[in-house]
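*Asks:* coords below, sequence missing:
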């Protein structure tokens, strides 16, 4: 009887992990070879998000989004509030994305130290988009399971409550503790925020690639990137310090601690697309096979 209960629990953990792995999206950066690397390595059924860098600006993100859409991908461009000049700028971008048949966006405050116009944060941009009657079916907003180095927890909680009615999903920042992420997801649900959560986590990127990326996104933004990713950096500096498969399995096991609102994974690829896709395929194959074995064993009399 004990063995049967343990098998059942193991089967449920694998089932949760299968659900997460089957709902994966990739985040890419708008660099010179990104389009080529996506076409070479990423199946069109994998949803993509395109970040904005301060050095290149929002147009580079929109350009890449349009090109990837023409190749048949589902693409969610980042829309950083602090890079928009005024309401007309927002309206122009919304029309441009509508013409490109973009159905999903990810609205963020942005890291620019000084706003280009009147938009200080994601909430102000979301309100303007709502007033304009934007056409997007999916609107993502950010979540912070471990808080934010420069923003107090109370302010983060208030911002999330304000943004949630104008959004359809939450994509979290990186957190290496699966239990913390699941407890945070449960907490926001208890607070009345009824949105699905997609957990942000790094893919199989090495520290040399991470440092090259940080050096290539502009001096000011690079410093802020490194500041935000301190925990990520030290984990990559330690031998065997980060394993995406281990974190994914821990998240699958932690899902029951949430309110059922953790629905998938959002992979920060850092443009390591070939390795990320190979990892996804191996993980999906492994968890699917193990789930089939478990279900077959559970069905036996």
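*Replies:* Yes, it's here. Just so it is clear, the model here is predicted, and its values are computed rather than measured.
*Asks:* so where's the stretch 101-250 of the chain shaky on pLDDT?
*Replies:* Scanning the stretch 101-250 of the chain for pLDDT under 70 picks out 207-241.
*Asks:* ok, 90 please
*Replies:* Per-residue confidence for the stretch 101-250 of the chain (pLDDT under 90) gives these ranges: 110-116, 146-153, 173-177, 202, 204-243.
*Asks:* Helices along that one, start to end?
*Replies:* Taking DSSP state H, counting those that start in this stretch as the test, the helices found in the stretch 101-250 of the chain are 122-131, 153-163, 178-190, 207-215, 219-228, 230-237, 244-254.
*Asks:* For residue 264, give the beta-bridge partners.
*Replies:* With beta bridges defined as DSSP bridges, residue 264 has these partners: residue 198.
*Asks:* For it, grab the count of nearby residues.
*Replies:* Under the neighbour criterion other CB atoms under 10 Å, residue 264 is assigned a count of 19. Quick note: C-beta positions are derived from backbone N, CA and C, even for glycine.
*Asks:* and it, how far is that from residue 46?
*Replies:* Using CB to CB, to the nearest Å, we find residue 264 at a distance of 12 Å from residue 46.
*Asks:* swap in residue 269?
*Replies:* From residue 269 to residue 46 the distance is 10 Å (CB to CB).
*Asks:* hey, what's in contact with both of those two?
*Replies:* By the contact definition CB atoms under 8 Å, 6 or more residues apart in numbering, residue 269 and residue 46 are jointly contacted by residue 26.
*Asks:* and residue 40, how many neighbours?
*Replies:* 11.
*Asks:* Need phi/psi at the residue positioned nearest the centre of the chain.
*Replies:* Centroid check for the chain by CA atoms, centre = their mean gives residue 266 as the closest residue, at 3.6 Å. Backbone torsions for residue 266, taken as degrees, to the nearest 10, come to phi -120, psi 110.
*Asks:* likewise residue 273?
*Replies:* Comment: the main-chain dihedrals of residue 273 come out as phi -80, psi -40, following degrees, to the nearest 10.
*Asks:* Would you agree it is in contact with residue 41?
*Replies:* Yes. Contact criterion CB atoms under 8 Å: residue 273 and residue 41 qualify, at 4.3 Å.
*Asks:* neighbour count winner among the two?
*Replies:* The neighbour comparison of residue 273 against residue 41 (other CB under 10 Å) goes to residue 273, with 24 against 17.
*Asks:* pLDDT value on that one, please?
*Replies:* Residue 273 is assigned a pLDDT of 96 by the prediction.
*Asks:* if I pick it, what's in contact with it?
*Replies:* By CB under 8 Å, 6+ apart, the contact set of residue 273 is 26, 28, 37-38, 40-42.
*Asks:* Turn those residues into TSV, columns for pLDDT, secondary structure and distance to residue 57.
*Replies:* Putting those into TSV (pLDDT from 0 to 100; DSSP: H, G, I helix; E, B strand; the rest coil; distance: CB to CB, whole Å) gives the following:
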residue	pLDDT	secondary structure	distance to residue 57
26	98	strand	22
28	96	strand	16
37	98	helix	21
38	98	helix	20
40	98	helix	26
41	98	helix	26
42	98	coil	24
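*Asks:* Now that we have the residues you listed, which of them are buried?
*Replies:* The neighbour count (16 or more other CB atoms under 10 Å) marks 26, 28, 37-38, 41-42 as buried among the contacts of residue 273.
*Asks:* Leaving out chain neighbours, which residue sits closest to residue 279?
*Replies:* Nearest non-adjacent residue to residue 279, counting by CB to CB, 6 or more residues apart in numbering: residue 204, 4.8 Å away.
*Asks:* where exactly do the strands run in the stretch 51-200 of the chain?
*Replies:* Remark: strands assigned in the stretch 51-200 of the chain by DSSP state E, counting those that start in this stretch are 75-80, 104-108, 138-143, 169-172, 197-202.
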